[in-house]
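A.B. asks: here you go, sequence then predicted model.
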Amino acid sequence: MIHTGEKPFKCSHCDYKFRRKSHLKNHLMIHTGVKPFKCSHCDYKFSRKSDLKNHLMIHTGEKPFQCGHCDYKCSRKSDLKNHLMIHTDEEKPFKCSHCDYKCSRKSDLKNHLVIHTGVKPFQCSYCDYKCSFKYNLKNHLMIHTGEKPFQCSHCDYKCNFKSLLKNHLMIHTGEKPFQCIHCDYKCNFKSLLKNHLMIHTGEKPFQCSHCDYKCSLKSNLTNHLVIHTGEKPFQCSYCDYKCNRKSDLKNHLMIHTGVKPFQCSYCDYKCSFKYNLKKHLMIHTGEKPFQCSHCDYKFIRKTDLKNHLMTHTGVKPFQCSHCDYKCSFKPNLKNHLMKHTGTKPFKCTHCDYKCSLKSNLKIHLMKHSGAKPFQCSHCDYKCSFKSNLKIHLRKHTGEKPFQCSHCDYKCSHKSRFKEHQMKHTGGKTIKCSHCDYKCRYKSTLVRHQKTHTGTKPIDVSIASTSAA
């Protein structure tokens, strides 16, 4: 039959034919699903004894086939045959009839041809998914079954693919096999190294179709495009909050769940985000990595340094739309605008007091609670506010930070300093912007300015009579 090409044994389930009855018997197990050969080390089962024999070498570590040109060893003869092509001229004997593709193995060529034919014979029984290769379907089915056969030996992590487990294990081993040739950067994955290298090359292959924005990562471009489309695909299940990124939604959900997975090792502080814990730890370590280039000030946060620098530059980018007020910080403008709108969102729970600032409410509540958290280290003095303690401490230190520019007078309180200056100025330091009028107090100036604006000032005597 070898010479005649005759194949008398035909499969009753498909068109396969065989020369030997034993071959047909083995083939039929594909259709029946019978796997009589079981591994004694694990749960694997096989249709053929030869497959079991090859599999057992994984457990024994046996590699009987060795290359005659180098130290390469393997457990299967077919693997050695493929390897030998590296050393021989017959490196890639299998060529594609549609393009210039060449390969070492016939099976690789068969897989490649699917690109040209577009054949996808394997279909998912749960959804419309189709694929060209059986192993792709097998992997896809795990999405529906929830099967995660690969488990970490160090923790509870499970996954669908061996490659994912291999990557995960590097977290435990600390292995970082991929190193940058330009700097000391090391990482676990080749893809991360590829992305990192773009920092050195300056390469930005992904460009926005709406503007000039370019970036190194496709994910960054995806996030950027949302600016143009206004799309917010991630929605909170507790409230109306929507966002562009899944990570933002994850962070937002902690507001509702109250989850605070990050705890300080020095105190009871807990927080939802790792970067908040990192900043908090600096309170204990005393670390202040951000230093002002104009003075000796140092800060824990970069934003604090940025805000501080405005005291040197004098920049006040935020302007009130109702008056000439300008400020360096947006929250200050927001607070200022409440003077115009009359908004007082913070209300005392003990009385009718309302205010525009949360800090003012906090101060007011101390009147009800009688709390005096700040204590002097030299005597029994206690107070409600840190600023008061600072002033009190000057009695012990003898510090007098306020000095008159006209004489040698010094004092520890700003209010006393202000009173002293009136002796030199004649007591009228506040000037009207419309005329030459001067007065001592701001409240007096406000009443005076109503004569310019046309607003009728309140007559105190009439108000007192009517109240009586």
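C.D. replies: Arrived safely.

A.B. asks: hang on, isn't residue 345 packed against residue 356?
C.D. replies: Yes: Residue 345 lies in contact with residue 356 (Cβ atoms under 8 Å); the separation is 7.1 Å. Yep, even glycine has a C-beta here, placed from its N, CA and C like the rest.

A.B. asks: so for the two, which residue has more residues nearby?
C.D. replies: Taking other Cβ atoms under 10 Å, residue 345 and residue 356 do not tie; residue 356 has more neighbours (18 against 11).

A.B. asks: give me the domain ranges for this protein.
C.D. replies: The chain resolves into domains spanning 1-62, 291-457 when parsed by automatic domain parsing.

A.B. asks: out of the ones you listed, which comes closest to residue 133?
C.D. replies: Smallest distance to residue 133 across the domains of the chain (Cβ to Cβ): 16.2 Å, for domain 1-62.

A.B. asks: tell me the contacts of the closest residue to residue 325 other than its chain neighbours?
C.D. replies: Once flanking residues are discounted, residue 325 sits nearest to residue 336: 5.5 Å by Cβ to Cβ, 6 or more residues apart in numbering. Contacts for residue 336 (Cβ atoms under 8 Å, 6 or more residues apart in numbering) come out as 320, 325, 327.

A.B. asks: list the contacts for the second one?
C.D. replies: Okay, so that is residue 325. By Cβ under 8 Å, 6+ apart, the residues touching residue 325 are 319, 333, 336.

A.B. asks: recalculate using a threshold of 10 Å.
C.D. replies: The contact partners of residue 325, taken as Cβ atoms under 10 Å, 6 or more residues apart in numbering, are 316, 318, 319, 332, 333, 336, 337, 339, 340.

A.B. asks: now, those that are in strands?
C.D. replies: With DSSP state E as the criterion, strands contain 318, 319 from among the contacts of residue 325.

A.B. asks: show me which of the contacts of residue 325 are buried.
C.D. replies: 318, 333, 336, 337 (16 or more other Cβ atoms under 10 Å).

A.B. asks: what does stretch 385-398 rub up against?
C.D. replies: Here stretch 385-398 has contacts from 362-363, 366, 372-379, 381-383, 399-401, 411-415, using Cβ under 10 Å, 6+ apart.

A.B. asks: which of these fall within strands?
C.D. replies: 374, 375, 382, 383, 411.

A.B. asks: need the buried ones from these selected in PyMOL.
C.D. replies: Buried residues among the ones in strands among the contacts of stretch 385-398 (16+ other Cβ under 10 Å), as a PyMOL selection:
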select buried, resi 374+383+411
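
A.B. asks: neighbours around residue 71, how many?
C.D. replies: 6.

A.B. asks: now do the residue nearest to residue 325 against residue 316, distance only.
C.D. replies: 12 Å (Cβ to Cβ, to the nearest Å).

A.B. asks: joint contacts of the two?
C.D. replies: Contacts common to residue 336 and residue 316, judged by Cβ under 10 Å, 6+ apart, are 325, 326, 327.

A.B. asks: neighbours around the second one, how many?
C.D. replies: The reference is to residue 326. Residue 326, neighbours per other Cβ under 10 Å, totals 14.

A.B. asks: before we move on, what about the one 3 residues further on?
C.D. replies: Other residues within reach of residue 329 by the criterion other Cβ under 10 Å amount to 14.

A.B. asks: thinking again about what came up before, how about the domains of the chain in TSV, adding distance to residue 282 and mean pLDDT?
C.D. replies: Below are those laid out as TSV (distance: least, Cβ to Cβ, whole Å; pLDDT from 0 to 100):
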stretch	distance to residue 282	mean pLDDT
domain 1-62	50	79
domain 291-457	5	84
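
A.B. asks: of the ones you listed, which is nearest residue 159?
C.D. replies: Relative to residue 159, the nearest member of those by Cβ to Cβ is domain 1-62, separated by 17.7 Å.

A.B. asks: report the contact partners of residue 175.
C.D. replies: So residue 175 contacts 169, 186, 188 (Cβ under 10 Å, 6+ apart).

A.B. asks: and it, that's in a helix?
C.D. replies: No: according to DSSP: H, G, I helix; E, B strand; the rest coil, residue 175 belongs to no helix; its state is coil.

A.B. asks: pick out the residue closest to the middle of this protein.
C.D. replies: Closest residue to the average C-alpha location of the chain: residue 247 at 6.1 Å, with Cα atoms, centre = their mean.

A.B. asks: surely that residue is in contact with residue 254?
C.D. replies: No: checked against Cβ atoms under 10 Å, the pair residue 247 and residue 254 is beyond contact range at 11.7 Å.

A.B. asks: where along the stretch 201-350 of the chain do the helices fall?
C.D. replies: 218-229, 246-257, 274-285, 302-313, 330-341 (DSSP state H, counting those that start in this stretch).

A.B. asks: please tabulate those in TSV, including the columns distance to residue 35.
C.D. replies: Listed next are the helices of the stretch 201-350 of the chain as TSV, based on distance: least, Cβ to Cβ, whole Å:
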stretch	distance to residue 35
helix 218-229	43
helix 246-257	41
helix 274-285	48
helix 302-313	62
helix 330-341	69
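
A.B. asks: looking at those, which is nearest to residue 127?
C.D. replies: helix 246-257 (22.6 Å).

A.B. asks: distance from the closest one to the middle of the chain?
C.D. replies: Relative to its parent chain, helix 246-257 has a centroid offset of 11 Å by Cα atoms, centre = their mean, to the nearest Å.

A.B. asks: and the residue nearest to residue 260 when sequence neighbours are not counted, what's its pLDDT?
C.D. replies: Nearest residue to residue 260, sequence neighbours excluded (Cβ to Cβ, 6+ apart): residue 270, at 3.9 Å. Note for residue 270: predicted pLDDT of 89.

A.B. asks: same thing with the one 3 residues further on?
C.D. replies: The predicted local distance difference test score for residue 273 is 84.

A.B. asks: just the buried positions in stretch 108-126, please.
C.D. replies: 109, 112, 122.

A.B. asks: which residues are contacting it?
C.D. replies: Residues outside stretch 108-126 that contact it (Cβ under 10 Å, 6+ apart): 82, 92-99, 101-103, 105, 129-138, 140-141, 143-145.

A.B. asks: related to what we said a few turns ago, and the contacts of residue 325 as JSON lines, adding distance to residue 196?
C.D. replies: As requested, the contacts of residue 325 are exported to JSON lines (distance: Cβ to Cβ, whole Å):
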{"residue": "316", "distance to residue 196": "40"}
{"residue": "318", "distance to residue 196": "38"}
{"residue": "319", "distance to residue 196": "42"}
{"residue": "332", "distance to residue 196": "40"}
{"residue": "333", "distance to residue 196": "40"}
{"residue": "336", "distance to residue 196": "45"}
{"residue": "337", "distance to residue 196": "45"}
{"residue": "339", "distance to residue 196": "51"}
{"residue": "340", "distance to residue 196": "51"}
